[in-house]
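Novice: No letters, just coordinates:
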């Protein structure tokens with residue numbers, strides 16, 4: 001079998017752009033122009049190396065031989081990709097997987113999980129050891145119970161784990177949500193947090209659970225620690241309230257619905273906490289409790305705190321309120337405007353999301369049994385409970401999407417990468433425009449999005465031109481083909497209007513089965529390559545709408561091969577048009593290597 005065509009094996013020089021390919025040298029001519037000049041001997045040896053790999057020899061040994069012969073570095077992974085087409089690599093993976101029994105496949109998956117778990121546990125242990133080296137200065141470290149350092153010989157009633165638990169207890173934002181994986185110590189942190197102010201007589205706190213049985217368990221935990229932290233603290237069972245020597249109180253209550261929350265109407269609390277907030281299907285209970293957050297004592301800051309895990313009925317609204325507006329551990333504010341006596345006034349509510357991880361709790365990671373239990377759960381539950389993944393949902397269309405793998409920090413897109421654009425038009429609904437860059441390995445990087453509504457085609461066209469003004473040439477642009485249909489008897493179509501504004505588009509594929517094939521292309525792009533350990537598509541974190549839709553869009557119950565078209569899918573459709581225009585089965589090495597541009601020898605006469 002002949003090896004696949006490798007573009008850069010041709011012995012021709014070309015203008016130097018991008019990374020220097022294997023077997024080429026960089027030279028600069030007298031005009032200062034850089035060229036990639038081939039080394040025929042090195043390219044000949046590269047061809048031999050590819051034949052050796054395809055004949056069954058070890059990739060590592062062949063790569064080592066090639067480096068010794070040419071004195072040029074080429075990784076085994078790159079050599080492997082040059083030697084085989086994408087279809088052949090897929091066939092090899094499927095054949096290897098087919099030879100395994102179901103038990104062996106499960107064992108292979110568990111080994112991968114165990115490896116990731118071990119790495120994270122080691123990282124948590126290093127952080128713990130570093131924190132232990134610091135001098136302990138308080139009976140409850142991180143809480144302002146003492147102005148003077150406590151002797152090291154005093155018994156420590158509670159010490160927060162370094163990292164998220166400490167961050168949660170020391171946070172000063174008005175509203176903080178501490179959520180994520182199970183076993184991170186979230187509930188215990190919520191019990192400790194109101195103790196920060198029990199030395200003030202006017203401090204009054206309220207801690208809510210959804211049901212009475214859950215509340216009893218919480219109260220039992222407080223009975224083990226509150227008397228140790230604050231001697232003289234007494235619990236009155238009839239009131240479900242702790243009374244402290246200073247006069248401060250911490251009240252415990254349950255609330256299953258809006259009817260239950262009415263019992264707190266008219267009350268005043270300086271601190272309100274809700275354990276397992278996502279158990280509420282709507283934000284109504286949370287918003288009602290916010291109206292009771294007030295205090296006449298200005299020396300006590302007003303705080304609302306909540307904890308929870310993904311995978312509950314209210315995960316969606318909790319994610320929209322706390323997780324999507326900003327990066328984890330980042331303070332953000334919601335601006336609030338209101339009218340008073342004919343004047344417009346404004347204020348803000350500060351919030352923060354602190355992610356929880358089981359690896360931040362050294363007491364649960366010592367023997368690994370709890371982590372092993374979480375790792376053995378079904379895929380969706382494992383991602384929710386072990387990794388605290390808020391993006392994965394039950395019956396989600398793309399369970400293979402992982403924010404940690406597929407979302408990256410923005411960087412400057414290299415000049416030599418091919419830039420493309422895809423759009424889904426809407427007026428009352430949103431218009432979604434995505435910009436992608438294709439690197440030299442045919443990977444797509446979504447580096448910008450535009451998500452707007454109430455814009456006509458000409459307004460949208462002008463906005464697109466403004467946004468991409470510094471991008472240089474857009475090599476290809478795809479638009480929903482229905483935009484070429486004329487609306488009414490006269491006037492240009494949406495596509496014609498956009499093109500007239502200088503935003504050139506071509507129609508997307510709307511042939512039968514194109515929706516399903518587009519979804520499959522996204523799955524292929526999301527797949528992590530076994531050799532490079534990298535996916536075929538990644539998103540800048542500055543593109544929140546396409547990330548959100550890809551993570552949460554559900555499957556169509558009538559057609560499980562497609563997504564639910566009644567869900568918000570505008571950014572998803574734009575992404576589908578883009579990846580369909582760049583299918584992964586057309587892979588060739590160095591596909592985007594710039595070609596030699598013809599230049600006249602005499603600029604005056606043009607020949």
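Specialist: Looks like it came in fine. Predicted model, so just to flag it, every value in this text is computed and none were measured. Numbers count the residues shown, from 1 in each chain.

Novice: Going by C-alpha atoms from here, please, whenever you check contacts or count neighbours.
Specialist: OK.

Novice: Show me how far the helix or strand encompassing residue 435 is from its chain's centre.
Specialist: Element membership for residue 435, per DSSP states H and E: strand 431-438. Centre-to-centre, strand 431-438 and its host chain are 18 Å apart (Cα atoms, centre = their mean, to the nearest Å).

Novice: Over to stretch 243-254?
Specialist: With Cα atoms, centre = their mean, you get 39 Å for stretch 243-254.

Novice: Show me what counts as buried in that stretch.
Specialist: By neighbour count on 16 or more other Cα atoms under 10 Å, the buried set for stretch 243-254 is 243, 244, 248, 249, 250, 251, 252, 253, 254.

Novice: Nearest to residue 167 among those residues?
Specialist: Residue 167 lies nearest to residue 250 out of the buried residues of stretch 243-254, by Cα to Cα, at 21.8 Å.

Novice: Tell me the secondary structure of the residue lying closest to the closest one once chain neighbours are set aside, please.
Specialist: Closest residue to residue 250 apart from its sequence neighbours, by Cα to Cα, 6 or more residues apart in numbering: residue 205 at 4.6 Å. Assigned by DSSP: H, G, I helix; E, B strand; the rest coil, the conformation of residue 205 is strand.

Novice: Packing partners of the lengthiest helix in the chain?
Specialist: Secondary structure of the chain per DSSP state H: the longest helix is helix 102-132. Where contact means 3 or more Cα pairs under 8 Å, 6 or more residues apart in numbering; DSSP states H and E, helix 102-132 is packed against helix 369-375.

Novice: Let me know the next secondary structure element after the helix it packs on.
Specialist: Next along from helix 369-375, by DSSP H and E: helix 379-385.

Novice: Can you name the secondary structure element that comes next after that following helix?
Specialist: Heading C-terminal from helix 379-385 (DSSP H and E), you reach helix 403-406.

Novice: before we move on, the earlier item: ok, now how distant is the residue nearest to residue 250 from residue 457?
Specialist: 54 Å (Cα to Cα, to the nearest Å).

Novice: quick one, which of those two is more surrounded?
Specialist: With other Cα atoms under 10 Å as the criterion, residue 205 and residue 457 differ in neighbour count, and residue 205 comes out ahead with 26 against 23.

Novice: residues contacting that one?
Specialist: Contacts here follow Cα atoms under 8 Å, 6 or more residues apart in numbering; on that basis residue 205 touches 194, 249, 250, 251, 269, 270, 271, 272, 273.

Novice: TSV please, covering these and showing distance to residue 465, pLDDT and secondary structure.
Specialist: Formatted as TSV, these follow (distance: Cα to Cα, whole Å; pLDDT from 0 to 100; DSSP: H, G, I helix; E, B strand; the rest coil):
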residue	distance to residue 465	pLDDT	secondary structure
194	53	95	helix
249	60	96	strand
250	58	96	strand
251	58	96	strand
269	52	96	strand
270	51	96	coil
271	49	96	strand
272	48	97	strand
273	48	96	strand
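
Novice: Looking at the residues you listed, which is nearest residue 442?
Specialist: Nearest member of the contacts of residue 205 to residue 442, counting by Cα to Cα, is residue 273, at 48.9 Å.

Novice: I'd say the closest one and residue 204 touch.
Specialist: No. Applying Cα atoms under 8 Å as the test, residue 273 and residue 204 come out as separate, 11.6 Å apart.

Novice: any chance of the contacts of residue 205 in TSV, with distance to residue 506 too?
Specialist: As requested, those are arranged in TSV below (distance: Cα to Cα, whole Å):
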residue	distance to residue 506
194	60
249	67
250	64
251	63
269	59
270	59
271	57
272	55
273	54
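
Novice: pLDDT below threshold where in the stretch 301-450 of the chain?
Specialist: Residue ranges of the stretch 301-450 of the chain with pLDDT under 70: 367.

Novice: Which two of the buried residues of stretch 243-254 have the greatest separation?
Specialist: Going by Cα to Cα, the pair spanning the buried residues of stretch 243-254 furthest: 244 and 254, at 21.5 Å.

Novice: which non-adjacent residue is nearest the residue most central in space within the chain?
Specialist: By Cα atoms, centre = their mean, the chain has its centre lying nearest to residue 403, at 2.7 Å. Excluding its sequence neighbours, the residue lying closest to residue 403 (Cα to Cα, 6+ apart) is residue 391, at 7.4 Å.

Novice: OK, contacts around that neighbour?
Specialist: By Cα under 8 Å, 6+ apart, residue 391 lies in contact with 402, 403, 548, 551, 552.

Novice: Distance of it relative to residue 414?
Specialist: For residue 391, the distance to residue 414 - Cα to Cα - is 29 Å.

Novice: Report all helices and strands that the helix or strand encompassing residue 499 contacts.
Specialist: Assigned by DSSP H and E, residue 499 belongs to helix 494-500. Applying 3+ Cα pairs under 8 Å, 6+ apart, we find helix 494-500 packed against helix 457-467.

Novice: For the helix it packs on, which residues meet the burial criterion?
Specialist: Buried residues in helix 457-467, counting neighbours by 16+ other Cα under 10 Å, are found at 457, 458, 460, 461, 463, 464.

Novice: Closest to residue 381 out of these?
Specialist: Nearest to residue 381 out of these is residue 464 (Cα to Cα; 40.3 Å).

Novice: sec struct for the nearest residue to the closest one once chain neighbours are set aside, please.
Specialist: In space, residue 464 comes closest to residue 503 once its chain neighbours are excluded; the distance is 7.3 Å by Cα to Cα, 6+ apart. Secondary structure for residue 503, judged by three-state DSSP, is coil.

Novice: For residue 538, list the residues it contacts.
Specialist: Residue 538 sits next to 405, 406, 407, 408, 444, 445, 446 when contact means Cα under 8 Å, 6+ apart.

Novice: now residue 18, what's its secondary structure?
Specialist: Assignment for residue 18 (three-state DSSP): coil.

Novice: Would you check that it makes contact with residue 416?
Specialist: Yes. Between residue 18 and residue 416 a contact is recorded at 5.6 Å, counting by Cα under 8 Å.

Novice: so where is the stretch 101-250 of the chain shaky, pLDDT-wise?
Specialist: Scanning the stretch 101-250 of the chain for pLDDT under 70 picks out 130-156.

Novice: could you pull out the strands for it?
Specialist: Secondary structure of the stretch 101-250 of the chain (DSSP state E, counting those that start in this stretch): strands at 175-180, 204-209, 234-236, 241-243, 249-254.

Novice: picking up where we left off before, counting contacts, what elements does the next helix or strand after the helix holding residue 499 pack onto?
Specialist: Counting by DSSP H and E, the next helix or strand C-terminal to helix 494-500 is strand 506-507. Counting contacts by 3+ Cα pairs under 8 Å, 6+ apart, strand 506-507 packs against strand 476-479.

Novice: So which other helices or strands are in contact with the strand it packs on?
Specialist: strand 418-424, strand 506-507, helix 570-581.

Novice: do you know which of the ones you listed lies nearest residue 376?
Specialist: Between residue 376 and the helices and strands packed on strand 476-479, the tightest spacing by Cα to Cα is seen for helix 570-581, at 31.2 Å.

Novice: In that closest one, which residues are buried?
Specialist: Result for helix 570-581 [16+ other Cα under 10 Å]: buried residues 570, 571, 572, 573, 574, 575, 576, 577, 578, 579, 580, 581.

Novice: Hmm, residue 430 and the fourth one touching each other?
Specialist: No. When contacts are counted by Cα under 8 Å, residue 573 is not listed as touching residue 430 (11.5 Å).
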